[in-house]
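**Q** Here is the input, now give the coordinates:
(one chain, ligands or ions: 1)
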Amino acid sequence: MNTKRSDEWYQKALEFMPGGVNSPVRACRNVGRTPLFIERALGDKIYDADGNEYIDYVCSWGPDILGHARAEIIEAVKQSCDSGLTFGACHRGEVELAQIIKRNVPSMEMLRLVNSGTEAVMSAVRAARGYTGRDKIIKFEGCYHGHSDGLLVKAGSGLLTGAIPDSAGVPKGYTDNTLLAEYNNEQSVRDLFEHYGDDIAALIVEPCAANMGVVPPKEGFLAFLRSITEQYGAILIFDEVITGFRLSLGGAQQYYGVTPDMTTLGKIVGGGMPLAVYGGRKEIMECVAPLGSVYQAGTLSGNPTAVSAGIAVLNLLENNASVYDELDRKGRRLESAFRLAGLNVNREGSLLTVFFTDQPVENYRDAKTSDTKQFADFYSYLLDNGIYSAPSQFEAMFLSDAHSDEDIEYTCDIVHRYKK
Ligand SMILES: *Cc1c(COP(=O)(O)O)cnc(C)c1O
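**A** Purely as a prediction, here's the structure:
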């Protein structure tokens, strides 16, 4: 029986882990709070060590699109566990999961299962480089693609130079081949292609950005990225670690009607277990070992436990055709409540962010004009009223199928009474 409270566990955690956490945003430093220690979660609720109940709009940062502890997923995992947690060998679940993914995301003609979104993106970029024989990649300011060395970069060095690492411990050389463009700014992309055209292996983008807060693509932006990458023979990679199986069954590529060469999936595809995927056009994926010379491997890749959760969640999503309309309806309801309260909100489907700035947010520069102190205020107000949301201005609120109308109406009511 746990008798410690969140604060006590946190003090203990500080002795063992940097900042007491295993992923930095959880430390809640941006909002001047300390972390809650979660005991359990069910449906749209999570419960902390102090016995408090919250309506959860984090959903583990996306995976829990059907809510927490969905019975069919738990059952599938339990059954799988009885046959062993990992074999480090082929099993039929891998094939079943690959089939379901390809059925819904047909551009992933061939794919690989890995263990995290970071790994999926890192591997996709390597395959794109191997296939094209080129080194440079383009990413957008404010888009997050995991914490691999070459992708941890920010702006500040001008658009036409190699990027500066965003983290200590990343040698400058590792990001020399990473070029930065501005989201929703076609000219910034055109400039890079005109300057570096033949050296650019890939352009990677969150088709709907959700790691600078939610920033949907402008009309035509993704189609533009499709055509310019084609023109220069560069690989277009959609990082759908958040948007995959969230904006629609076919992800952002189906939602916006633009087909990339390669796709990365994570979060939802593992049903709450560590599982991610990269894949794309057959001739690109055939460059990966053992068929080709691009090396990539993993001891626990495709392990039956995670795969069973993935199959279960995707089966449920496939068999519940109304889930995306319902998520959109709930998203629309929350959006209207935020607007009524005078707040600036971006939304795409079941992804929302309230920005504490008066200007429209279409890129990272706009997002950075937000008043993060006001955000912290708002965050604490919600939390103190039983609403658990992401403790950072630059993250999304996630809705799940388990969010009840009652809980959404309660949330709208709390938002309505918020005084800026
Ligand atoms: C979360 C995320 C990643 C990284 O996934 P991890 O499983 O945390 O390594 C990569 N890309 C995007 C768009 C993400 O949201």
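**Q** Next one: the residue of the stretch 301-420 of the chain at minimum distance from the ligand, what pLDDT does it get?
**A** Nearest residue of the stretch 301-420 of the chain to the ligand (CB to the nearest ligand atom) works out as Ala396 at 8.9 Å. Every residue, glycine included, has its C-beta placed from N, CA and C. The score at Ala396 is 96. That number is its pLDDT.
**Q** got the contact list for it?
**A** Gly62, Ala210, Gly213, Val214, Ile242, Leu351, Leu352, Thr353, Ala390 (CB atoms under 8 Å, 6 or more residues apart in numbering).
**Q** Next: Ile138.
**A** Ile138 touches Leu179, Leu180, Ala181, Val189, Leu192, Ile200, Ala202, Leu203, Ile204, Ala234, counting by CB under 8 Å, 6+ apart.
**Q** Could you look up the SS state of it?
**A** strand (DSSP: H, G, I helix; E, B strand; the rest coil).
**Q** what residues does the stretch 201-350 of the chain put near the ligand?
**A** Glu206, Asn211, Asp239, Val241, Ile242, Gly266, Ala276 (CB under 6 Å from any ligand atom).
**Q** what two of those are the furthest from one another?
**A** Taking CB to CB, the two most distant members of those are Asn211 and Ala276; they sit 15.4 Å apart.
**Q** Neighbour count: these two, which is higher?
**A** Ala276 (27 against 21; other CB atoms under 10 Å).
**Q** measure the residue in the chain that the ligand sits nearest to to Ala223 for me?
**A** Per CB to the nearest ligand atom, Gly117 is where the chain lies closest to the ligand, at 2.1 Å. Gly117 is 25 Å from Ala223, where distance means CB to CB, to the nearest Å.
**Q** Looking at those two now, which is surrounded by more residues?
**A** Gly117 (30 against 13).
**Q** The more buried one contacts Lys267, correct?
**A** Yes. Judged on CB atoms under 8 Å, Gly117 makes contact with Lys267 at a distance of 6.8 Å.
**Q** where do the contact lists of the two overlap?
**A** Val241, Ala276.
**Q** mind listing what Cys143 touches?
**A** So Cys143 contacts Tyr183, Ile204, Val205, Glu206, Ala209, Asn211, Met212, Asp239 (CB under 8 Å, 6+ apart).
**Q** so who does the nearest residue to His91 once chain neighbours are set aside touch?
**A** Excluding the flanking residues, the one nearest His91 by CB to CB, 6 or more residues apart in numbering is Pro304, at 5.5 Å. The contact partners of Pro304, taken as CB under 8 Å, 6+ apart, are Ser80, Ser83, Gly84, Leu85, Thr86, Phe87, His91, Gly93.
**Q** Sounds good, over and out.
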